[in-house]
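predicted structure and sequence below. I'll ask about it afterward.
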Amino acid sequence: MLQALADRLVKQFPDAVLSVDLDTGRGEMAAQVRATDMLAVARYLHDAPEMAFNHITDICSADYPADQTRFEVIYHLLSLPHGRRIRVKARVTEDNPSIPSVTSVWRGAEFLEREVFDMMGIIFTGHPDLRRILMPEDYAEGYPLRKDFPTEGRGWRSQFDFIPRLDEAPEEMTDGEYSETEKKPFISTDVAPGSRRREELLLNMGPQHPSTHGVLRVVLELDGERIVKATPDLGYLHRGVEKLAEGLAYMQIIPHTDRLDYVCAMANNYAYVRAVEKLLDITVPERAEYIRTLVAEMQRIIGHLFWLGTQALDIGAMTVFFWTFREREILLDLFEQLCGARLTLNYYRIGGVDSDFTPELVQRLRTFLSTFPQRVSEYDSLIASNRIWVGRTKNVAVISGEDAINFGLTGPTLRGSGVNYDIRKLEPYGVYDKVEWDVPLGKHGDTYDRYWVRMEEMRQSARIIAQCLDQMPEGPIMADVPQYIPPPKQQVMRDMESLIHHFIIFTQGFKPPKGETYCATEAPKGELGFFIISDGSPRPYRLKIRSPSFIHMGAFDHMARGYLISDIITIFGSYDIVMGECDR
C-alpha cells in the first residue's frame, strides 16, 4: 500500500518529489519535496480521491545547522477515508527560510504554521496572520528551537508603549477627555451610518479568569454581547519542554510529560513511552500491555470526570462537581497505591510498567466498577434534561464534521461531530483489539453532543477495564531488551554485573538507531502524538509534541463567532483544554 502511494505521488510530481522513504517496519512513509512546490503537492494530497489526506495532524520543523538547506518543515497528514498517514518534508535555506502556506488547503494549518514561525523563524508566504503565538509578539532575541539558541534562554524584557494616565495628561486635555492613544484600541474606527452610533468593543477574557482552564487570554471583539471575533493569546505557561528534551536522555523525559496535561498525566506517559518503543522496535510483554490499557482507561475516566465536574460548575451546576470528584477520589486512591502518586504520576516505563498490578488493586477496582455505571447515570439524571444545561449546550459552538476534520480536531471534539476516528480502532495498540467496546458518535456537532460522547466514553472505559481484569495473563511486566532497559531492582541489589548495567544506562543513557518516527495515542482530550528524530545519540535530536489542546484552540474563533459572551465559557469547557499541554 505504501509503495503504491509513493509511486502515485512520484508520477504526479516527477520534478517536485525529490525522494520517498518507506519504513515498512514501522509502517511509515516520508516524502521529500521542493519547498516551492509544497502548496501544489498539498492540494493534490488533499483533493485527489485516491489520496484524500483531509486531516492536518501536525506541522513541525527541525534545524540542521551544518546543512546548506538548514531548516526542514515537516507536515504530518492523515487520510481518514483510507486510514493511512504520510509525512511530507521540505527544506529551506537560512538566507531565505520561506515556504508557501497551506492554510488555503487545511484551516488548521494557521496555528501550526504560526508555531513553526515562532519557534524556528520560518516564513510561510500567504499566511493570513503570521506572527508569534507562544512567545510575546515583541520578542526579539531569536527563535527558541534553533540549535544555536541556548536552552537557558536569553535575557529579555517586554517593552510597552507609554500611555499617560488621566492624572498625568497634558494640560490641554480637559477633565473627562481621553487621549487618542487610549481610545483607538477599544473603539472601531468605522462607524455605521445612521442616527444610532455603533461600536465594537474589545474585551479581554483572561488570563486570570477562573473558567479559562489555565492561564489563557482571549481577546473578544463584540457587537453588543455577540462575538464578532475571538483571538486566543497563548504562551503564558510556556515552559519549553521540547527544547529541554534535546538535552535529556530518553528516560529522563518521562517525568516532564507528566506536566503536560497534568489532569491526565498517565496518558502523557503512555503516549511518550509508546513513541520511544516504536523508535527502538521494542515488543512489550502481554501482561504489561493489559495493565497499561486498563490504567490508561482509568485515566480516561478520571479526565472525563474532572471535565464534567468543572464544565458543570462553569455553567452553574455545583452538585455535579461534588459527585464526579467523589468517584475521582476513589481512582486517585488506587493510583496512589499503584505508584505512590495521585496527580503527576510516573508509572509507565519504556518497555513496560514500574510495578505489577496486585490482587488487592484488582479487588478494589472491581468494587469501583460494580457501582460506577450507576453513578454515570446519576450524573445524567442531574443535567441531561435540565433546561439550563440544555439551553447552554444545545446548538452552541456547532462545528460540522468536515470543518472539524479540516481544523485537525480529534478526540471527543471530533467524534461529537459524527466523525468516526479513534486511534484505538484505526491503529490499535495495547490490547484494544482484544476487548469489545464501541466508539460513541454525536450527530449535531454541538456542545451537548460532545458532553454525551464523553459520558458514553466513561461507560465504554469501564467495559474495557472489566475485560482487561478478566483476561489479564501472568508473565513479566518489562521487556527483556538489555541494551535499552535496565535490569530489575532485585538483581541490581545482588549482582555486580546488573549494578554496572544499571549504572551505565542511567548515567549514559541508551543509544537508539538513527531515524524518525511519529506515534499517536488516543488521550482523553484527543490525539496526543510524539514525533522523534534520532541522530543515534542518547538524547533526541528533535522531539515534537502534538497536543490536542493546542490544535483545538485553532478552531476557537470559528466556533465562537455569533454566540454570546456567556457561551465562551461553555466553549472552553467543550474542548476540555489544559494550558500546560497547549503551551508545552
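Sure thing, it's come through. As the structure is a prediction and not an experimental result, all values here were calculated from the model. Numbering: from 1, shown residues only.

any chance you could give me stretch 238-257 in CSV, C-alpha atoms only?
Taking C-alpha atoms only, stretch 238-257 is exported to CSV below (Å, rounded to 0.1, in the frame of the first residue of the first chain):
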residue,chain,number,x,y,z
HIS,A,238,5.2,28.1,28.0
ARG,A,239,8.0,26.0,29.6
GLY,A,240,9.9,24.8,26.6
VAL,A,241,9.5,21.0,27.1
GLU,A,242,10.6,20.3,23.6
LYS,A,243,13.7,22.4,24.0
LEU,A,244,14.5,20.8,27.3
ALA,A,245,14.1,17.3,25.8
GLU,A,246,17.0,17.9,23.5
GLY,A,247,19.4,17.9,26.5
LEU,A,248,17.9,15.0,28.4
ALA,A,249,18.3,11.2,28.0
TYR,A,250,15.1,9.4,26.8
MET,A,251,14.2,8.1,30.2
GLN,A,252,14.7,11.5,31.8
ILE,A,253,12.0,13.0,29.7
ILE,A,254,9.2,10.8,31.2
PRO,A,255,8.6,13.0,34.2
HIS,A,256,8.4,16.1,32.0
THR,A,257,5.5,14.5,30.2
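
what mean pLDDT does it get?
Per-residue pLDDT over stretch 238-257 has a mean of 91.

kindly report the same for stretch 436-449.
Here the average pLDDT along stretch 436-449 is 94.

what of stretch 80-97?
In the prediction, stretch 80-97 has an average pLDDT of 94.

end-to-end on it?
Length of stretch 80-97, first residue to last, C-alpha to C-alpha, to the nearest Å: 31 Å.

buried residues in that stretch, which are they?
80, 84-92, 97 (16 or more other C-beta atoms under 10 Å). Glycine gets a C-beta too; all of them are placed from N, C-alpha and C.

I'd like to know how far D223 sits from R217.
Noted for D223: a distance of 20 Å to R217, by C-beta to C-beta, to the nearest Å.

what does D118 give?
16 Å.

among these two, which residue is more densely surrounded?
Counted by other C-beta atoms under 10 Å, D118 and R217 do not tie: D118 has more neighbours, with 23 against 17.

please, which helix or strand holds the more buried one?
Secondary structure assignment for D118, by DSSP states H and E: helix 109-120.

against which helices or strands is that helix packed?
Packing partners of helix 109-120 (3 or more C-beta pairs under 8 Å, 6 or more residues apart in numbering; DSSP states H and E): strand 55-63, strand 123-125, helix 548-553.

touching the helix or strand following the first one from outside, list them.
Same thing as strand 55-63. Next along the chain after strand 55-63, taking DSSP H and E as the criterion, comes strand 71-79. Strand 71-79 is contacted from outside by 35, 38, 42, 45, 51-64, 84-94, 97, 99, 102, 116, 120, 122, 518, 529, 531, 544, 546, using C-beta atoms under 8 Å, 6 or more residues apart in numbering.

low-confidence ranges, the stretch 51-200 of the chain, go.
Where the stretch 51-200 of the chain drops to pLDDT under 70, the residues are 155-199.

equivalent analysis for the stretch 301-450 of the chain, please.
Along the stretch 301-450 of the chain, no part satisfies pLDDT under 70.

where along it do the strands fall?
Assigned by DSSP state E, counting those that start in this stretch, the strands in the stretch 301-450 of the chain fall at 348-349, 352-353.

dump these to JSON lines, plus distance to T24.
Output for the strands of the stretch 301-450 of the chain, formatted as JSON lines (distance: least, C-beta to C-beta, whole Å):
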{"stretch": "strand 348-349", "distance to T24": "27"}
{"stretch": "strand 352-353", "distance to T24": "26"}
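
so can I have CSV of the ones you listed showing distance to R274 and mean neighbour count?
Shown next, in CSV, are the strands of the stretch 301-450 of the chain (distance: least, C-beta to C-beta, whole Å; neighbours: other C-beta atoms under 10 Å):
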stretch, distance to R274, mean neighbour count
strand 348-349, 9, 24
strand 352-353, 12, 24
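
of all these, which lies closest to I565?
strand 348-349 (41.2 Å; C-beta to C-beta).

can you list contacts of the closest one?
254, 266, 269-270, 272-273, 292, 295, 354, 478, 485.

picking that back up, just the C-alphas of the helix holding D118, formatted as CSV.
What follows is helix 109-120 as a C-alpha-only set of coordinates in CSV (Å, rounded to 0.1, in the frame of the first residue of the first chain):
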residue,chain,number,x,y,z
ALA,A,109,-2.5,24.9,9.5
GLU,A,110,-2.9,28.5,10.6
PHE,A,111,-2.0,27.9,14.3
LEU,A,112,0.6,25.2,13.3
GLU,A,113,2.4,27.4,10.9
ARG,A,114,2.5,30.3,13.4
GLU,A,115,4.2,27.9,15.9
VAL,A,116,6.9,27.0,13.4
PHE,A,117,7.4,30.6,12.6
ASP,A,118,7.6,31.5,16.3
MET,A,119,9.9,28.7,17.3
MET,A,120,12.1,28.4,14.2
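
okay, angle between that helix and strand 71-79 too, please.
150 degrees (axes from the mean of the first three to the mean of the last three C-alpha atoms, to 10 degrees).

hmm, Q467 is touching Y432, no?
No - contact between Q467 and Y432 fails when scored by C-beta atoms under 8 Å: they sit 10.4 Å apart.

by contact count, what packs against the helix or strand harbouring M298?
Secondary-structure assignment from DSSP H and E places M298 in helix 286-315. Secondary-structure packing of helix 286-315 (3+ C-beta pairs under 8 Å, 6+ apart): helix 265-280, helix 318-339, strand 352-353, helix 359-383, helix 387-393, helix 447-471, helix 565-575.

in the second one, which residues are buried?
When you say that, I think you mean helix 318-339. 320-321, 323-325, 327-328, 330-332, 334-335, 338-339.

turn those into JSON lines, including distance to S498.
What follows is the buried residues of helix 318-339, written out as JSON lines (distance: C-beta to C-beta, whole Å):
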{"residue": "V320", "distance to S498": "51"}
{"residue": "F321", "distance to S498": "49"}
{"residue": "W323", "distance to S498": "49"}
{"residue": "T324", "distance to S498": "45"}
{"residue": "F325", "distance to S498": "43"}
{"residue": "E327", "distance to S498": "42"}
{"residue": "R328", "distance to S498": "39"}
{"residue": "I330", "distance to S498": "38"}
{"residue": "L331", "distance to S498": "35"}
{"residue": "L332", "distance to S498": "34"}
{"residue": "L334", "distance to S498": "31"}
{"residue": "F335", "distance to S498": "29"}
{"residue": "L338", "distance to S498": "25"}
{"residue": "C339", "distance to S498": "23"}
